[in-house]
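**Student:** one predicted model, sequence on top.
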Amino acid sequence: MSGAQCCENPPTLNSASGNGKVEEFGGLSSYIYGPSNSNLAVILVSDVYGYEAPNLRKLADKVGAAGFWAVVPDLVFHRDPTVPDPNTFTEWLKTHGPDQGFEDAKPVIEALKSKGITKIGAAGFCWGAKVVVELSKHPYIQAAVLIHPSLVSVEDIQGVKVPLSILGAEIDRVSPPEVVKQFEAALNAKPEVDSFVKIFAGCSHGWSVRYKDEDEGAVKRAEEAHKDMLDCLLSISTEFGLQFCCFCLCC
């Protein structure tokens with residue numbers, strides 16, 4: 001599912017935001033932050049507003065500070081810099097499809113491996129969740145998190161092969177709670193895949209990265225999602241899938 005809610009509360013893009021650096025990585029302009037000697041990496045796949053969104057880069061900084069090599073590649077705008085519009089969103093998707101994002105993410109993963117990274121997790125937001133769920137159907141990554149997903153189907157979830165966390169919003173017309181519950185049921189039918197599903201009460205689609213800094217309540221709810229995301233991604237530092245659920249449930 002997708003719709004106008006994917007375009008609500010657009011951020012003010014800032015190419016200079018964040019504590020990290022922007023460089024070409026895997027053939028894409030990417031925002032990077034984290035310890036250079038880490039063998040753990042997390043790819044953050046943006047929503048429809050791309051890798052220059054300040055709140056997304058703040059989150060990448062948190063991921064880097066937790067010991068991961070955080071990479072936010074430009075999977076949205078490098079082919080076509082058109083900014084999404086709620087009135088023409090369907091047309092926009094024709095030239096900014098997550099299928100293209102999936103293909104473009106593969107060289108990023110290869111570049112991480114060539115750097116000596118041995119464990120890779122991925123988190124996707126809205127549009128980016130579809131990219132991440134496609135990656136999780138193959139041995140490209142070792143853990144995945146979908147946050148207020150868009151364009152994701154139950155069939156997608158049925159194809160997942162790595163530990164998966166889904167963080168949904170109560171007020172979400174794109175992936176409403178009843179759809180997230182269908183995702184949960186599909187995961188429960190796959191006992192070989194460790195999973196965690198949570199619906200955030202009072203939150204709307206996009207709450208984790210499109211909040212206003214002056215709204216203390218919104219910041220707090222976003223930070224809760226960020227903590228859940230990080231706890232779940234810690235699973236990539238161990239071979240024991242059971243610890244994935246333990247990390248998440250102790251949030």
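**Tutor:** Structure received.
**Student:** how about the strands in this protein?
**Tutor:** Counting by DSSP state E, the segments of the chain that form strands are 21-25, 28-33, 40-45, 69-73, 119-125, 143-147, 164-171, 195-204.
**Student:** quick one: average confidence on the second one?
**Tutor:** In this model, strand 28-33 carries a mean pLDDT of 98.
**Student:** which residues touch stretch 79-94?
**Tutor:** 2-4, 6-8, 10, 48-49, 95-96, 100 (Cβ atoms under 8 Å, 6 or more residues apart in numbering). Just so you know, the C-beta spots here come from the backbone N, C-alpha and C atoms, and that holds for glycine as well.
**Student:** can you redo these as JSON lines with neighbour count?
**Tutor:** As requested, those are exported to JSON lines (neighbours: other Cβ atoms under 10 Å):
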{"residue": "Ser2", "neighbour count": "21"}
{"residue": "Gly3", "neighbour count": "14"}
{"residue": "Ala4", "neighbour count": "14"}
{"residue": "Cys6", "neighbour count": "24"}
{"residue": "Cys7", "neighbour count": "21"}
{"residue": "Glu8", "neighbour count": "13"}
{"residue": "Pro10", "neighbour count": "16"}
{"residue": "Val48", "neighbour count": "24"}
{"residue": "Tyr49", "neighbour count": "26"}
{"residue": "Thr95", "neighbour count": "10"}
{"residue": "His96", "neighbour count": "21"}
{"residue": "Gln100", "neighbour count": "16"}
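**Student:** biggest separation within these, which pair?
**Tutor:** Greatest spacing in the contacts of stretch 79-94, by Cβ to Cβ: Glu8 and Gln100 (23.2 Å).
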